[in-house]
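Visitor: heads up, no residue letters with this:
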């Protein structure tokens, strides 16, 4: 008898982020403290580095591993390059999670504020060089309301820059 296999593993979404860090064990501890992460799986190499780990933050899986520069997998800490990837995290209380992340040694990139698109929103960079956007959706908006609010915000930005 043949079992039906889902093309997307149970518990994952079609798009699942996977990050590289310079110390996966410390990163997992940070994500547990800052974001309430739960460990799903850890697969260490014989020398103790983490080849693959999966953690749950809210209802989503984040995959991560130690860097392996010799295999073309460095971390932002090693490359000294700013990552252009943002990891959006929606939570019930963005201010609380933001403050917890900062207390756990994340650095503020953008303080928490109410955004024109209806989110309470801020950004931090974790101690491993990855950027997190932390948000709580606080206002539902129609596309017309969103466009008007966006146009107004962009107009204010244009006049502030002149």
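Guide: Arrived safely. Predicted model only: the values in this text are computed from it and were never measured.
Visitor: give me every residue that touches residue 130.
Guide: For residue 130, the contacting residues are 19, 21, 76, 83, 85, 87, by C-beta atoms under 8 Å, 6 or more residues apart in numbering. Glycine gets a C-beta too; all of them are placed from N, C-alpha and C.
Visitor: what does the helix or strand hosting residue 157 contact?
Guide: In this structure, residue 157 sits in helix 143-160 according to DSSP states H and E. Residues from elsewhere that reach helix 143-160 (C-beta under 8 Å, 6+ apart): 116-118, 141.
Visitor: Buried residues, it. List them.
Guide: Within helix 143-160, the residues that count as buried by 16 or more other C-beta atoms under 10 Å are residue 149.
Visitor: what does stretch 5-23 give?
Guide: Buried residues in stretch 5-23 (16+ other C-beta under 10 Å): 19-23.
Visitor: In strands, which of these fall?
Guide: 19-21 (DSSP state E).
Visitor: any chance of those in a markdown table, plus pLDDT and distance to residue 38?
Guide: Shown next, in a markdown table, are these (pLDDT from 0 to 100; distance: C-beta to C-beta, whole Å):
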| residue | pLDDT | distance to residue 38 |
| --- | --- | --- |
| 19 | 96 | 17 |
| 20 | 96 | 21 |
| 21 | 96 | 18 |
